[in-house]
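Asks: Need coordinates for the below:
(one chain, ligands or ions: 1)
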Amino acid sequence: MFDSCSEQMVAMRRVWRFPARADRLAAMEGVETAAATEAQVRAIWEERWGGLIVSLYREFVAADVEGLVVASEGEEAALVTWHVDGDSAEIVSLDALIPGQGYGSTALAAAEDLLRARGVRRLWLTTTNDNAAAIAVYLRGGWRLVAVHLDHMDRVRARKPAVPLIGENGLALCDAWELEKRLR
Ligand SMILES: CC(C)(COP(=O)(O)OP(=O)(O)OC[C@H]1O[C@@H](n2cnc3c(N)ncnc32)[C@H](O)[C@@H]1OP(=O)(O)O)[C@@H](O)C(=O)NCCC(=O)NCCS
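Replies: Numbers count the residues shown, from 1 in each chain. All right, here's what the predicted structure looks like:
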């Protein structure tokens, strides 16, 4: 028995598949993690995010972030980027270029390790209310929902008119979910 949810979550992470799977993949031959170049971030963001990420409090272009690329047999498999502010950092983007094979989780876990070693104590990010795949990855990784920003996507659409009204799973694309993870 646990005295608190936080203790229980720490214990559950040991049995959830996410960390074990990410660790296994990271140890696999042919899978490598390297610092992302600005050109890599720019190319991937251009293709997948229209070159610009509109977050809660500011916008980001490739030059504003650092990141890691996970490669499999030399092929880019996932990109994670972040922006550090004191002892907290925002995960600005996470993309699996080879989806559904654990590369997204692996990239996120690698970024967490790197940022923890740098002294970052709080990670946060936003995802959208329709994004079940991303939400599954984050919750399994020990992230927790801390706020819902209603209608944030209207503000995003004002800057990026190509963002649709209907998102994944046929859901109205409306809200930003803010998640955080405390690093120990
Ligand atoms: C979110 C994203 C990075 C996940 O990366 P990925 O490499 O495909 O994910 P992984 O393979 O590491 O893990 C996926 C896990 O989520 C589960 N999952 C996937 N889609 C799901 C869904 N709709 N509902 C519930 N679980 C789902 C998978 O079953 C898998 O679990 P498993 O390890 O037990 O099999 C990827 O889907 C992506 O690039 N999406 C587009 C960009 C994006 O939305 N990024 C997030 C911005 S906040």
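Asks: rest of the way, CA atoms for contacts and neighbours
Replies: Noted.
Asks: so where do the strands sit in the chain?
Replies: 31-35, 53-54, 59-60, 66-72, 75-85, 88-96, 122-128, 144-149, 176-182 (DSSP state E).
Asks: just how off-centre is the second one within its chain?
Replies: Spelled out, that is strand 53-54. 13 Å (Cα atoms, centre = their mean, to the nearest Å).
Asks: Next, see if that strand gets close to the ligand.
Replies: No - residues of strand 53-54 are not located near the ligand by Cα under 6 Å from any ligand atom, the shortest gap being 10.1 Å.
Asks: looking at the protein, which helix or strand is least sure?
Replies: The helix or strand of the chain with the poorest confidence is helix 17-27; it has a mean of 61 (mean pLDDT, DSSP states H and E).
Asks: contacting residues for the residue nearest to Gly51 when sequence neighbours are not counted?
Replies: Nearest residue to Gly51 in three dimensions, chain neighbours excluded: Trp45, at 4.7 Å (Cα to Cα, 6 or more residues apart in numbering). If a contact means Cα atoms under 8 Å, 6 or more residues apart in numbering, then Trp45 has 51-52, 62 as its contacts.
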